[in-house]
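Engineer: this one's sequence-less:
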DNA sequence: CGGGGTAGCCGAATAATAGTCGCACCCCAA
DNA sequence: TTGGGGTGCGACTATTATTCGGCTACCCCG
């Protein structure tokens, strides 16, 4: 289904998704039409969900990054979810099991903005916020064997 | 420094980082040499940190995704951090303020594996684990104006 | 006010890459 | 043995990337 060559390709694209088919062909030992065909199939099957760019938010003034746990007040779950979705400074959010219903990542330019955005949420949820000091593990792929 | 055209380019690449320079040129209204030059500068300045691929872990049998909060035992902070880094099923980890020192994302194939991996960490830390039920906000960029 | 430097853009030409196609090979099942 | 699906290849054509010279707008400072 997904063999070692596909894994080579995925790893190579993880490092740099703008690599040419030719470069991918050299890495994998296939010809470039074959690589094109494999990518097409990986995309078709949904193994590859998309190709994206990694942007450094600090270059846009987002000096602070926070992890926010959100526990909606009774009956406010959907409202809170929509609220989080509608605030673009929340750049990820997962709905999880346990007392907290959501964990989200928030990028802000200042403490004032952090306070302002959390206040909005706090109208319908309790929040628990931790500031990110450092990224210990940058986004990576789990093992694929 | 970073104008509207750069933002157009970044958004276009966020949607699909394998777009050709020609396509980006059409989107931005520039010529393709100009687009190439802008990308080069965005990369050089570190605004663009890289181009990556979005892979669906479920296709590799990772049925479960968990958010793990980790509180190392006294004196074990560095050991725990190294341990997390060395377990490839942890696909992200941030060091944060507060009682929990780390929040990490973990992909596993089964409850057994979840238990096994957490047991390893539990030798030197307390953990608090929540299973991801749904992704409310898929990874996106904060506003860039 | 005007030279000179710089930054950014363009078009055209060349170099490189991507896409298309017909065919070969392998594996397996009839 | 035969035939079909799946995957690969090389060679060709179409498309894209890169390079380069020159243009314009802007700014700094004499």
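Structural biologist: Right, received. Where do you want to start? Just so you know, these numbers come straight off a predicted model, no measurement behind them.

Engineer: which residues are in contact with residue A:127?
Structural biologist: Counting by CB atoms under 8 Å, 6 or more residues apart in numbering or on different chains, residue A:127 makes contact with A:68, A:69, A:70, A:71, A:118, A:121. Where you see a C-beta, it was placed from the backbone N, CA and C, and this is true even at glycine.

Engineer: ok, longest strand in chain A?
Structural biologist: strand A:125-137 (DSSP state E).

Engineer: up against DNA strand D, what does chain A have?
Structural biologist: A:5, A:29, A:30, A:31, A:33, A:34, A:37, A:38, A:41 (CB under 7 Å from any atom of the strand).

Engineer: outline the domain layout of chain A.
Structural biologist: As given by automatic domain parsing, the domain ranges for chain A are A:4-44, A:57-131.

Engineer: check the contacts of residue A:127 and tell me the two furthest apart.
Structural biologist: Farthest apart among the contacts of residue A:127 by CB to CB are A:71 and A:118. That separation is 12.9 Å.

Engineer: mind listing what the longest strand of chain A pairs with, with the direction of each?
Structural biologist: Applying DSSP bridges, strand A:125-137 is found paired with strand A:64-72 (antiparallel), strand B:90-96 (antiparallel).

Engineer: show the average pLDDT along it.
Structural biologist: Here strand A:125-137 scores 98 as its mean pLDDT.

Engineer: list the contacts of residue A:62.
Structural biologist: A:89, A:107, A:108, A:109, B:142.

Engineer: which pLDDT value does the model give it?
Structural biologist: 97.

Engineer: from the residues of chain A next to DNA strand D, list the ones also adjacent to DNA strand C.
Structural biologist: Among these, DNA strand C is touched by residue A:33 when using CB under 7 Å from any atom of the strand.

Engineer: just to revisit the earlier point, now the strands paired with strand A:125-137 in JSON lines, with mean neighbour count?
Structural biologist: As requested, the strands paired with strand A:125-137 are arranged in JSON lines below (neighbours: other CB atoms under 10 Å in any protein chain shown):
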{"stretch": "strand A:64-72", "mean neighbour count": "21"}
{"stretch": "strand B:90-96", "mean neighbour count": "21"}
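
Engineer: now the ones you listed in JSON lines, with distance to DNA strand C?
Structural biologist: Shown next, in JSON lines, are these (distance: least, CB to the nearest atom of the strand, whole Å):
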{"stretch": "strand A:64-72", "distance to DNA strand C": "28"}
{"stretch": "strand B:90-96", "distance to DNA strand C": "27"}
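
Engineer: take these and write them to a markdown table, including distance to residue B:12.
Structural biologist: Shown next, in a markdown table, are the strands paired with strand A:125-137 (distance: least, CB to CB, whole Å):
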| stretch | distance to residue B:12 |
| --- | --- |
| strand A:64-72 | 24 |
| strand B:90-96 | 25 |
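
Engineer: out of those strands, which is closest to residue A:133?
Structural biologist: The minimum distance between residue A:133 and the strands paired with strand A:125-137 falls on strand B:90-96, with 4.9 Å, by CB to CB.

Engineer: okay, which residue is most central for chain A?
Structural biologist: residue A:92 (6.1 Å; CA atoms, centre = their mean).

Engineer: what bridges to that one?
Structural biologist: Note on residue A:92: beta-bridge partners by DSSP bridges are residue A:105.

Engineer: cool, and residue A:128?
Structural biologist: Here residue A:128, judged by DSSP bridges, has bridge partners residue A:69.

Engineer: contact partners for it?
Structural biologist: Per CB under 8 Å, 6+ apart, neighbours of residue A:128: A:68, A:69, A:70, A:71, A:100.

Engineer: and the two most separated of those?
Structural biologist: Distance extremes for these: the farthest pair is A:68 and A:71 at 10.6 Å, using CB to CB.

Engineer: got the residues of chain A near DNA strand C?
Structural biologist: Neighbours of DNA strand C within chain A, by CB under 7 Å from any atom of the strand: A:20, A:21, A:22, A:23, A:32, A:33, A:36.

Engineer: now, the residues you listed that are in helices?
Structural biologist: Within the residues of chain A next to DNA strand C, residues falling in helices by DSSP state H are A:21, A:22, A:23, A:32, A:33, A:36.
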